[in-house]
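fold the following and give me the result.
(one chain, ligands or ions: 2)
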Amino acid sequence: MAILTCKDLCFAYDGSTVLEGVNFSLNAGNYLCVVGENGSGKSTLMKGLLGLKSPDKGSIEFGDGLKSTEIGYLPQQTQLQRDFPASVREVVLSGCLNSLGRRLHYNDEDKKRAIFNMERMGIEDLQDKSYQALSGGQQQRVLLARALCATKKLLLLDEPVTGLDPIATGEMYNLIKLVNLCDNITVIMVSHDIHAAARYATHILHLGQKQLFFGTAAQYRESALARRFLGGNRI
Ligand SMILES: Nc1ncnc2c1ncn2[C@@H]1O[C@H](COP(=O)(O)OP(=O)(O)OP(=O)(O)O)[C@@H](O)[C@H]1O
Ligand SMILES: [Mg+2]
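Ligands and ions are numbered 1, 2, ... in the order given. Next up is the predicted model:
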């Protein structure tokens, strides 16, 4: 059963179209990697899926009882976010914000969820530390734990390994694959790392102001587009 179906999606800013013709569908447990050059519309699509930006045309349908408020999101990082003045525990707990409803405070279940996800990401020893004092790799684990507090079904990750060294990058990819496989969480990850995309993802969506490719990672590897994008190097 499809957890997400996008039909003929189109996005514009101030009347100027930046992304069009997006048509794809994902089943629960799929791992989609979204690739494309700078400005190709990847982050715009993520914001559309989250309901933060309305499509100018087309539709986004969720299946499996999923609501747009139950999506875990790791945003593309800016320097401002890196300097966020809060403790690791507070940042992770803020992933439970959408489930607060009318409550003013986090309850024991929220706190247990935060601890569980910090343990899963191996950051429980950092929980009293200031977020801004952490390394880039530690910060990304904190944000992944936060995103996992928000969802049991769908994770959106916008360039989660940017700026990380090769070891931290590999660890991050392994953690993402682990929650995808063990918890059957559907993953949509924006990445410029096409090699990792082809290795970890089940499906690839290649954007360039419009949809250039959607299919399985195996189909993508064989496509002329992948070869062109990689400058002739096979993946
Ligand atoms: N808030 C905004 N207002 C106006 N134009 C925007 C806005 N956000 C993005 N755009 C434009 O929309 C297009 C797509 O931007 P988007 O951020 O989705 O690209 P991207 O594929 O995520 O790029 P990158 O790889 O650099 O993160 C770009 O031309 C960008 O300038
Ligand atoms: Mg982006």
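
would you pull up the residue in the chain closest to ligand 2?
residue 43 (3.2 Å; Cβ to the ion). C-beta coordinates here come from the backbone N, C-alpha and C atoms, glycine included.

you'd agree that residue is up against residue 76?
Yes: with contacts counted by Cβ atoms under 8 Å, residue 43 reaches residue 76, the gap being 5.6 Å.

which neighbours do these two share?
Residues touching both residue 43 and residue 76 (Cβ atoms under 8 Å, 6 or more residues apart in numbering): 158, 190.

mind listing what the closest residue to residue 135 other than its chain neighbours touches?
Nearest residue to residue 135, sequence neighbours excluded (Cβ to Cβ, 6 or more residues apart in numbering): residue 168, at 7.7 Å. Residues near residue 168 by Cβ under 8 Å, 6+ apart: 135-137, 140, 161.

what strand or helix carries residue 168?
Element membership for residue 168, per DSSP states H and E: helix 166-182.

show me which positions of that helix end up buried.
168-169, 171-173, 175-176, 179-180 (16 or more other Cβ atoms under 10 Å).

also stretch 157-167?
By 16+ other Cβ under 10 Å, the buried positions in stretch 157-167 come out as 157-161, 164.

identify the farthest-apart pair in those residues.
Maximum pairwise distance in the buried residues of stretch 157-167, criterion Cβ to Cβ, is 14.1 Å, between 158 and 164.
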